[in-house]
Structures are given as C-alpha cells and as structure tokens.
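*Asks:* Return a 3D structure for these sequence lines:
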Amino acid sequence: MCDACPVRRALVVHVIAVLALVGGCAGGAPGPAGPPASGDRSTPSAPRAPCLSQSDDGLFLTCLRTAIDGVWSREFRATGRDYRSPQLTVGPAGATAGDHERDLARDRAYFSGRSGIHFPTRYLDDVRTTHGTRAHIVLTFTLGHEIGHHVQLLLHPRFEAPDVDVETQADCYAGFWAGREAEAGRLDVEEFRSAAQAELRRLSQDPGEVRSHGSADRRIESLERGLRATAPPACDVDGLTWR
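*Replies:* Numbering: from 1, shown residues only. Have a look, this model is predicted:
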C-alpha cells in the first residue's frame, strides 16, 4: 500500500458518482424537450376538411357553411363590420316546380345576390361521378368560392367589375379561408389544394367557363395567392378591395 492510494480511491468514487449522475439524465430521467427532428412523424396530421362526418350533401354543406362563416365573421368583426351568413339551397329542396326543372339542367354551383348560394342536383352528381371519394373535399373548395361571392356582395353591394376579376377573387377568398382553417389544424391544405385544382381543370374544359371565369392556370394562381395570404386584402383586384 502507498500513501497516494486513499486519494486515488476518493478520486475514483467521485468519477463514478459523476458518471452515474450523467447517465441518469441521459438515459433514465427525461431531459429538456428539444425541437422535433425533421423526420419525426408522430404529430397527428390535420383533418382532411371540416364536416366530412356528414355523408349527406345537404347536411355536409350546411355544416361547412358554418365553418366558413366563422372565419369571415372574425375578419369582418376585426374591421368593425357585420357579417351575415348566406342563404344556401342544396338540390331541389324547397324549389317550385319550375325551379326544380332549372335545377336539373344546371351543371354548376352558383351565387345569386337575391337568393344566395345554390348547389344543383346535376352539379352534385357530376362532382361525385368525376371525383369519387374526394367529392366532399371538392365541394369544400366550391362552397368557399361561392361564399367568396357573398363576401364581395357584402363589401360592394353595387360595384360592377369584369366577370373574370370577380371569379378569380372568389377563388382567392376560398384559398384565404382554407389557409385559416389549415393554420387552426382543421384542414389538410395539400388535399384541399389537389381537389380544388382537379375541379378547376375539369370546369375549364368548357370554353364558356373559361371566358367568364378565367383559365384554370389563372384561377389556380389566384387560389394559391389566397392560401399564402395573411389577410383578405391580398385578394384585392382593382376596385374589388377589402377596405
């Protein structure tokens, strides 16, 4: 035995204690939470879109109108204005005999300043035939667009503008709403984008639709502007302004 051995023994015990403490923090006890790794997929994905639990078209669109109204109500309130929900008709419900015949002939959803938003039976059938299981995601974009027209009417009751400007701004407003829903974790923005683009390209096969609404590329560009927007003025087109 040497005179330095007690010192060495004390040093060894100290090192072992330190290693045990470090090991406990690294392996046994949880350390401070750091940012998730780029490949971490444990975070739940956003729902596909609001109201998809409603399989009936009428119930789905009525539910969705409430979701879209919520966003626009907040935006209007922030600027000291009142927002009113649009009237919504789905299929021939409540229509007169003459209206029923016109409903069967229409192949587009449309907005009327006097009677609100209409989703004709033929349009609903066409969307379901074309898009299958994605039909209600497509209708999410369509209703967002038609409520965009309602927003335009509330902002500019007597303003006249070229049809293409009116339609592309409504596409932008649909994108703006979808962006807010995605931020709130209530909508899968990529699925919304894909479904909206598919429907816009389908509709643009009609030359009359292109003349009145713009080309698919132009409409998609406007939709994307809305998705990127942080406020409605990003969708302003000439005199069709938010403020």
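
*Asks:* does residue 117 count as helix, strand or coil?
*Replies:* strand (DSSP: H, G, I helix; E, B strand; the rest coil).

*Asks:* Tell me the spacing between residue 67 and residue 157.
*Replies:* To residue 157, residue 67 is 25 Å away according to C-beta to C-beta, to the nearest Å. The way it works is simple: take the backbone N, C-alpha and C, and place the C-beta from them, glycine included.

*Asks:* Comparing the two, which residue is more hemmed in?
*Replies:* In terms of neighbours (other C-beta atoms under 10 Å), residue 67 is the more surrounded of residue 67 and residue 157; the figures are 19 against 8.

*Asks:* Find the nearest non-adjacent residue to that one, please.
*Replies:* Of all residues not flanking residue 67 in the chain, residue 50 sits nearest, at 4.1 Å (C-beta to C-beta, 6 or more residues apart in numbering).

*Asks:* and that neighbour, what is it in contact with?
*Replies:* Contacts for residue 50 (C-beta atoms under 8 Å, 6 or more residues apart in numbering) come out as 63, 64, 67, 140, 181, 186, 187.

*Asks:* By neighbour count, which bits of stretch 212-229 are buried? Give me those.
*Replies:* 213-216, 218-220, 222-227, 229 (16 or more other C-beta atoms under 10 Å).

*Asks:* what do you get for stretch 183-201?
*Replies:* 186-189, 191-193, 195-200.

*Asks:* Please convert those residues to JSON lines, extending it with secondary structure, pLDDT and distance to residue 108.
*Replies:* Formatted as JSON lines, those follow (DSSP: H, G, I helix; E, B strand; the rest coil; pLDDT from 0 to 100; distance: C-beta to C-beta, whole Å):
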{"residue": "186", "secondary structure": "coil", "pLDDT": "95", "distance to residue 108": "27"}
{"residue": "187", "secondary structure": "coil", "pLDDT": "97", "distance to residue 108": "24"}
{"residue": "188", "secondary structure": "coil", "pLDDT": "97", "distance to residue 108": "25"}
{"residue": "189", "secondary structure": "helix", "pLDDT": "97", "distance to residue 108": "25"}
{"residue": "191", "secondary structure": "helix", "pLDDT": "97", "distance to residue 108": "23"}
{"residue": "192", "secondary structure": "helix", "pLDDT": "98", "distance to residue 108": "20"}
{"residue": "193", "secondary structure": "helix", "pLDDT": "98", "distance to residue 108": "21"}
{"residue": "195", "secondary structure": "helix", "pLDDT": "98", "distance to residue 108": "17"}
{"residue": "196", "secondary structure": "helix", "pLDDT": "98", "distance to residue 108": "15"}
{"residue": "197", "secondary structure": "helix", "pLDDT": "98", "distance to residue 108": "17"}
{"residue": "198", "secondary structure": "helix", "pLDDT": "98", "distance to residue 108": "16"}
{"residue": "199", "secondary structure": "helix", "pLDDT": "98", "distance to residue 108": "11"}
{"residue": "200", "secondary structure": "helix", "pLDDT": "98", "distance to residue 108": "12"}
